[in-house]
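> next come a sequence and a model predicted from it.
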Amino acid sequence: MTNAIPKQDKSAPLPDVQGSTDDRRVAIDKVGVKDVTFPIRLRTRDGGTQTTVAKINMYVALPHYKKGTHMSRFLEVLNKHTSEPISPEDIPHLTEAIRERLDAEEAHFEAEFTYFIKKPAPVTGKLGLMDYQVRFECTADGKAADMVLSVKAPATSLCPCSKEISSYGAHNQRCHIEAAVRTEGMLWIEELATLLEGAASCPVFAVLKRPDERWVTEKAYENPKFVEDIIRDLAVALDAEDRIRWYSISSENFESIHSHNAYAELARDKRQAKRGSN
């Protein structure tokens, strides 16, 4: 004799297991979906758009009495709010929409992607696409949204000590300069990338002809900087930008004559610094 499998009533509503209660009384700080590969369209500073592929994480805080969260709802919100091109100022609205859709006290959104900027060579003007690593991080609690924009840019640094002590020449290297900022008002990715490159001995370019190569070689030689100089000059530039209220910056110089890299970082809350100076 075999046990018959009971037939299901397909017209009956399906049970909501995630929405059931949990009696262990353990709240979870972040629960959601991670490493979502997703195409996004971004508004560019020149009024155009750019399509890239992002790695996206979306989480909510789960109270102790809920068994789980509804994972599909994260993707529903993401699809809805990225149907049109977005910019950094849209991310808080997207994060708040996640919080509301998941009926949570707090929501988190993170996205990492490559962003391309057309950049002319310094002498010939030949155009090339420079790639920058960009990250959005945002937390929303229904009252306010905390948004951090991060950009990492490659650049050139030339050693002041090497130039000073050598009869001719000086060693230089590629560096990665990164800034994470909180802003008041719209700050374009392109603007932050320009500030980063301005702190280096010389920017790097995707396309260089011989006149351009001579220019960047001489530009770096005339503008030597230690990793400490890069960070200090970048801090001065960000202090002068009124839209930026907080920043965390770093530079990693990939040494050409050492087996190690040089590194520096600092963080500054400009509002606290202003209050301290009064």
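Cool, the structure landed. In this text, all values refer to a predicted model and were calculated from it rather than measured experimentally.
> what's near enough to touch residue 112?
Contacts for residue 112 (CB atoms under 8 Å, 6 or more residues apart in numbering) come out as 54-55, 133-135. The way it works is simple: take the backbone N, C-alpha and C, and place the C-beta from them, glycine included.
> so what pairs up with it in the strands?
Legend: beta-bridge partners of residue 112 under DSSP bridges are residue 55, residue 135.
> now do it against residue 15, distance only.
Computed with CB to CB, to the nearest Å, the distance linking residue 112 and residue 15 is 36 Å.
> residue 78 too?
If you measure residue 78 against residue 15 using CB to CB, the figure is 26 Å.
> settle it for me: which of the two has more neighbours?
With neighbours defined as other CB atoms under 10 Å, residue 78 and residue 15 compare such that residue 78 has more, 22 against 8.
> give me the neighbour count for residue 40.
17.
> check which residues of the helix or strand containing it are buried.
According to DSSP states H and E, residue 40 maps onto strand 28-43. Buried residues in strand 28-43, counted by 16 or more other CB atoms under 10 Å: 28, 32-33, 40, 42-43.
> give me the helices and strands touching it, please.
With contacts taken as 3 or more CB pairs under 8 Å, 6 or more residues apart in numbering; DSSP states H and E, strand 28-43 sits against strand 49-62, helix 71-81, strand 107-120.
> just give me the closest of the contacts of residue 112 to residue 118.
Lowest distance from residue 118 to the contacts of residue 112 (CB to CB) belongs to residue 134, with 15.8 Å.
> which residue ranges of the stretch 51-200 of the chain form strands?
In the stretch 51-200 of the chain, the segments counted as strands under DSSP state E, counting those that start in this stretch are 107-120, 127-140, 145-158, 172-183.
> circling back to that earlier point, so which of the buried residues of strand 28-43 comes closest to residue 151?
Using CB to CB, residue 42 comes nearest to residue 151 of the buried residues of strand 28-43, at 12.7 Å.
> beta partners of the closest one?
As assigned using DSSP bridges, the partners bridged with residue 42 are residue 50, residue 86.
> what residues are up against residue 87?
Residue 87 sits next to 42-43, 186, 188 when contact means CB under 8 Å, 6+ apart.
> I figured residue 248 was touching residue 265, is that so?
Yes: taking contacts as CB atoms under 8 Å, residue 248 lies within contact range of residue 265: 7.2 Å.
> counting neighbours, go ahead and name the busier of those two.
Neighbours per residue (other CB under 10 Å) separate residue 248 from residue 265, with residue 248 holding more: 16 against 12.
> and for the closest residue to that one other than its chain neighbours, the neighbour number?
Excluding the flanking residues, the one nearest residue 248 by CB to CB, 6 or more residues apart in numbering is residue 267, at 4.1 Å. Residues lying near residue 267 (other CB under 10 Å) number 11.
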